[in-house]
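**Student:** starting from these lines, generate the structure:
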Amino acid sequence: VARTRGGELSVARSGDTAAVGVARGSAEFSARGETVVLREGQQSVAAAGRPPSAPAPIPASLLLKVAWPEERTTNRRRIVVTGRTEPGAVVLLGKDRVEVGPDGRFTHVIVLGEGRQKLAARAHSVGGSAAAEGPVIVLDTRAPDPRAISSASGFRFWGIMLDPVVNVSPNFTKPNSLVP
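**Tutor:** Okay, the predicted model is just below:
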């Protein structure tokens, strides 16, 4: 619970973590039977089942680190994106709101649409906003699943194997026949 009398405060909540910051005046932030008093320019964070943290300065900038997938063309509709931000910050990956853990880490599965799409992330907290531009990902569900294929002899190629490799003797005479 956050209370102020004439002050100006911001509240951000993600998952089971809430953050309260005071822009002007003061406020009280209570959780689990404990209360902290926040002055102008201070914030506090409380995770589920925990009391509020000690007042700390609101950061001048918001951390948003995103680990985008390395693959830029795929035939899989779902990709996993991970990252880190401030605890209590609200993160959006595209239009999806992402749950942020009490340590500020997040993992989210993005469902891709067919074709080309630009990924992006935004975060909002009591101290401000941040954005991270992501890569362009192309989903082509008609493409084969590219894999490196090796034979026992060390032959490698990139792609899919359409026909099995058959070792034949010099006596081979008919197409598609097997030689004992």
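**Student:** and stretch 90-105, end to end?
**Tutor:** 11 Å (C-alpha to C-alpha, to the nearest Å).
**Student:** so which bits of that stretch are buried?
**Tutor:** By 16 or more other C-beta atoms under 10 Å, the buried positions in stretch 90-105 come out as 90-91, 93-94, 98, 100, 102, 104. Where you see a C-beta, it was placed from the backbone N, CA and C, and this is true even at glycine.
**Student:** do the same with stretch 59-74
**Tutor:** Of the residues in stretch 59-74, 62, 64, 66, 68-69, 74 count as buried by neighbour count, 16+ other C-beta under 10 Å.
**Student:** find the nearest non-adjacent residue to residue 138, please.
**Tutor:** residue 73 (4.6 Å; C-beta to C-beta, 6 or more residues apart in numbering).
**Student:** pretty sure that neighbour contacts residue 141?
**Tutor:** No. Residue 73 is beyond contact range of residue 141, at 11.4 Å (criterion: C-beta atoms under 8 Å).
**Student:** which other residues reach stretch 119-135?
**Tutor:** 9-12, 19-21, 43, 58-66, 68-69, 72, 81, 83, 85-86, 88-94, 110, 118, 136-137 (C-beta atoms under 8 Å, 6 or more residues apart in numbering).
**Student:** which of those fall within strands?
**Tutor:** When DSSP state E is applied, these are split such that 9-12, 19-21, 43, 64-66, 81, 83, 85, 90-93, 110, 118, 136-137 fall in strands.
**Student:** circling back to that earlier point, make a markdown table out of the buried residues of stretch 90-105 and add pLDDT.
**Tutor:** Formatted as a markdown table, the buried residues of stretch 90-105 follow (pLDDT from 0 to 100):
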| residue | pLDDT |
| --- | --- |
| 90 | 94 |
| 91 | 96 |
| 93 | 95 |
| 94 | 89 |
| 98 | 95 |
| 100 | 93 |
| 102 | 90 |
| 104 | 93 |
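**Student:** alright, I will stop here.
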